[in-house]
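**Student:** Coordinates only, no sequence provided:
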């Protein structure tokens, strides 16, 4: 008797994390990969990676059920909005109704007693998945290294300056490609990871230490420039970000800078165990992206 391939639905497949998960699952003969996209114009980028491509929009609940039809495993990312709470609840309810067996949820690198709003929302989503009786694995990634690359490329007026909001605090970091490997490993063998919560991180460094690594790798001058996170609000508002979520992010960065964000620098061994090699460190990331950091 031939086993029926399992169908995996990957949300956010055109984004950094969802795309990394999809790439690491691609061409697995035991899986049917279904990728979601909001923009039909982006479908061509997914053709080589996914067996099926569906339209999905968190803002349009009519897209939920068709996207989940026939799905065994779900990779769940949420939007950057307080709406993530009711959107995730509705999606999880639909997943349970159609027989999804396992949900891998991407949360945040925070302790269970976190006081920060957007971190708490992720943990409420985790608890709801568990309450609904679905198989689950919770992934809690640290700060993304790639975000610093994006900031550096966007800061063309002040090349070599890393503007950020964490003062001298050390924070835990992770490479998005490693998250993709970890997510794929769990989705490939969900029973092995059922009921587990994995903190995904590599090392804890301050922004000044990151600047030193970039300087050593590029041979160019790099410096860290701390800013109060209050400066973020008008930029986030101009970008159309939802203000409840945005204000929580500002509060979080201010707490980090003040040394009042528990476990922000805590590292774990889960990532190495999941991906079968030492996780990417900042020196590795800087070397791999050296040309993009050059100015």
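**Tutor:** Received, thanks. Small disclaimer: the values here were computed from a predicted structure and weren't measured.
**Student:** Quick one: the helices in this protein, in order.
**Tutor:** For the chain, the helices defined by DSSP state H occupy 16-25, 43-46, 64-68, 84-98, 117-131, 145-154, 176-188, 190-193, 207-218, 232-238, 243-257, 270-275, 282-288, 290-293.
**Student:** got the contact list for residue 272?
**Tutor:** If you count contacts by Cβ atoms under 8 Å, 6 or more residues apart in numbering, residue 272 has them with 278, 279. For glycine as for every other residue, the C-beta is placed from the backbone atoms N, C-alpha and C.
**Student:** Could you do the one 5 residues further on as well?
**Tutor:** When contacts are counted by Cβ under 8 Å, 6+ apart, residue 277 is found next to no other residue.
**Student:** how near is the spatially closest residue to residue 45 that is not a sequence neighbour to residue 50?
**Tutor:** In space, residue 45 comes closest to residue 14 once its chain neighbours are excluded; the distance is 6.6 Å by Cβ to Cβ, 6 or more residues apart in numbering. Residue 14 sits 11 Å away from residue 50 when distances are taken as Cβ to Cβ, to the nearest Å.
**Student:** what sits in contact with each of those two?
**Tutor:** Common neighbours of residue 14 and residue 50, counting by Cβ under 8 Å, 6+ apart, are residue 35.
**Student:** So those two - more neighbours on which side?
**Tutor:** Neighbour tally, residue 14 and residue 50, criterion other Cβ atoms under 10 Å: the higher count belongs to residue 50, 22 against 16.
**Student:** doesn't residue 31 make contact with the more buried one?
**Tutor:** No: no contact is recorded between residue 50 and residue 31 when judged using Cβ atoms under 8 Å, the distance being 10.4 Å.
**Student:** Same list (the helices of the chain) but as JSON lines, adding distance to residue 264 and mean pLDDT.
**Tutor:** Output for the helices of the chain, formatted as JSON lines (distance: least, Cβ to Cβ, whole Å; pLDDT from 0 to 100):
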{"stretch": "helix 16-25", "distance to residue 264": "20", "mean pLDDT": "97"}
{"stretch": "helix 43-46", "distance to residue 264": "34", "mean pLDDT": "76"}
{"stretch": "helix 64-68", "distance to residue 264": "34", "mean pLDDT": "95"}
{"stretch": "helix 84-98", "distance to residue 264": "21", "mean pLDDT": "97"}
{"stretch": "helix 117-131", "distance to residue 264": "11", "mean pLDDT": "98"}
{"stretch": "helix 145-154", "distance to residue 264": "15", "mean pLDDT": "90"}
{"stretch": "helix 176-188", "distance to residue 264": "18", "mean pLDDT": "98"}
{"stretch": "helix 190-193", "distance to residue 264": "25", "mean pLDDT": "98"}
{"stretch": "helix 207-218", "distance to residue 264": "13", "mean pLDDT": "98"}
{"stretch": "helix 232-238", "distance to residue 264": "17", "mean pLDDT": "88"}
{"stretch": "helix 243-257", "distance to residue 264": "6", "mean pLDDT": "96"}
{"stretch": "helix 270-275", "distance to residue 264": "17", "mean pLDDT": "98"}
{"stretch": "helix 282-288", "distance to residue 264": "16", "mean pLDDT": "98"}
{"stretch": "helix 290-293", "distance to residue 264": "24", "mean pLDDT": "95"}
